[in-house]
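Chemist: Generate a structure from the sequence data that follows.
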Amino acid sequence: MPAAHCIDGRDDVAVALRPISAGESVSAGGRTVVARTDIPKGHKIALKAVAAGENVHKYGWPIGRAKAAITPGDHVHTHNLATRLEGIEDYAYTPAAAPQPGATPAGIPDTFLGYRRANGLVGTRNEIWVLPTVGCVARTAERIARLGGQRFVGRVDGIHALTHPFGCSQLGDDLAHTRKVLASLAAHPNAGGVLIVGLGCENNQLDKLLAEVPDHGRIRAFAAQMAEDETEAGLAALEELVALAAQDRREPCPLSALAIGLKCGGSDGFSGLTANPLVGRIADMLASAGGTPILTEIPEIFGAEHPLMERAADEQVFEAMAEVLNGFKRYFLDHNQPVYENPSPGNIAGGITTLEEKSLGAVQKAGRAMVTQVLRYGERATRKGLAFLEAPGNDAVSSTALVAAGATILLFTTGRGTPLGFPVPTLKIATNSALAERKPHWIDFDAGPIAAGTDMDTAAEDLMRLIIEVASGKPAKNEINEEREIAIWKNGVTL
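Modeler: Numbers count the residues shown, from 1 in each chain. Below is the predicted model of the structure:
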């Protein structure tokens, strides 16, 4: 394995593929330098001299400004590199030539076995979801789901309570966010039936929530305060829902019926080299097949938005992207926070220095497909092609938003690892093989061999086969480990 890898010929730095010792000769990007200090795996070594105040490039784009003069062979990190990000931007519509995303390779199945719902959507699971309107009945929802799972075992793919602490004492946009996300979850194609359990006195009133759900055919709902025995009422409702869901069977469905959420968490210096561009290949295959890849984590796009915005399908989509991006920046500034308050401590330990660097690595997950739609938080995807979804970078909140938007599988790249899972199969893709070897019970796919020379196209074909298997019923590690969570974006006043 070479010591370092240069991503783009315009770059000033290369990424250490293994620990580099001081005095070691390192070749990358057509240059050879001598390491002036020890450089940890995943961190950056300078290939070129950069004067203080000049931009440092990685991925062919600036990732920050040199705080001091950088000499070839230097370790480039927080001590000598600073962000260039400040605040709101005036974006100009400058569309690039329409990209040509890669088609699904020959030999990859063009169908999966999914559950086709009456409204035309297709699920990868046939589950019953129990949703509480308010945190006060979260344990009630869990009890109903647990007892229902025991009583109706084997008749559906599972019965799960998706609990949260909100729904009471919320106002304005905060309450609207809670209601919108729950309504979108209630309409999700992976749920063959949904039981909504209310309390009765909460701000998130049951009738207003149900008014935002487009189809009530497979929804049952009641308020616990109105039921003589809320557990028995819940179990009676589950019996009806299970009978309805059990009528559905897996059948061949085209890849165009898949909606896949694109997510990264616990990124490291390899994220933008291995797992994220690998997921980008999948996004391109899916978009080319007529499916719907969904990208979010808006604060982790800051600094990398320009090449992404060039791919807006039209000016209306571009303006909607700009509104979401600047709106999120205003959200930070209104709370007296800088827009660049990222990367996390774990990211920094893994070799990521600035938000621009993290963002340029993160947007690799979107491949080269055109952005066809912009979704506000809690909205559902309605068009094919790459969707741009408003949500924060937080793993749980953004992943829940992806599910609410209609993703029936999540691709979750990680360099640090996490057991966290969500209501749909959540495939964890390791950026490095050490993580995959250390946490095989968390990781579904190892992208680490790409850094050692494995062909990206070959890895993409292997990952797409796994996705089709999981979409057809193979359990993901989060399902095996019973890791299913939701988290709702809390950004307003609590009474």
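
Chemist: wait, residue 468 sits on residue 112?
Modeler: Yes. The pair residue 468 / residue 112 is scored as a contact, 4.8 Å apart, by Cβ atoms under 8 Å. C-betas here are computed from N, CA, C, even on glycine.

Chemist: Between those two, point out the one with more neighbours.
Modeler: Higher neighbour count among residue 468 and residue 112: residue 112, with 24 against 20, using other Cβ atoms under 10 Å.

Chemist: Provide the secondary structure category for that one.
Modeler: Assigned with DSSP: H, G, I helix; E, B strand; the rest coil, residue 112 falls in the strand class.

Chemist: Would you mind measuring from it to residue 410?
Modeler: 16 Å (Cβ to Cβ, to the nearest Å).

Chemist: and what of residue 117?
Modeler: Taking Cβ to Cβ, one finds residue 117 at 20 Å from residue 410.

Chemist: before we move on, back to that, overlap in contacts, residue 468 and residue 112.
Modeler: Between them, residue 468 and residue 112 share these contacting residues under Cβ atoms under 8 Å, 6 or more residues apart in numbering: residue 255.

Chemist: picking up where we left off before, which one's more surrounded, residue 117 and residue 410?
Modeler: Neighbours per residue (other Cβ under 10 Å) separate residue 117 from residue 410, with residue 410 holding more: 24 against 20.

Chemist: a helix runs through that one, doesn't it?
Modeler: No. The assignment for residue 410 (three-state DSSP) gives strand, which keeps it out of a helix.

Chemist: which helix of this structure spans the most residues?
Modeler: Identified as the longest helix of the chain according to DSSP state H is helix 315-334.

Chemist: So for it, what gets flagged as buried?
Modeler: Across helix 315-334, burial judged by 16 or more other Cβ atoms under 10 Å covers 317-318, 320-322, 324-326, 328-329, 332.

Chemist: State the mean pLDDT of it.
Modeler: In this model, helix 315-334 has a mean pLDDT of 93.

Chemist: If you rank every helix and strand of the chain by mean pLDDT, what lands last?
Modeler: helix 345-349 (a mean of 89; mean pLDDT, DSSP states H and E).

Chemist: Name the residues of that one that come out as buried.
Modeler: Result for helix 345-349 [16+ other Cβ under 10 Å]: buried residues 347-349.

Chemist: any idea where the helices of the stretch 351-495 of the chain begin and end?
Modeler: Applying DSSP state H, counting those that start in this stretch to the stretch 351-495 of the chain gives helices spanning 355-362, 395-404, 433-438, 456-471, 477-480.

Chemist: With respect to burial, which of these scores highest?
Modeler: helix 355-362 (a mean of 28; mean count of other Cβ atoms under 10 Å).

Chemist: rewinding a little: could the buried residues of helix 315-334 go into a markdown table alongside distance to residue 62?
Modeler: Below are these laid out as a markdown table (distance: Cβ to Cβ, whole Å):
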| residue | distance to residue 62 |
| --- | --- |
| 317 | 25 |
| 318 | 22 |
| 320 | 26 |
| 321 | 20 |
| 322 | 20 |
| 324 | 22 |
| 325 | 17 |
| 326 | 20 |
| 328 | 21 |
| 329 | 18 |
| 332 | 21 |
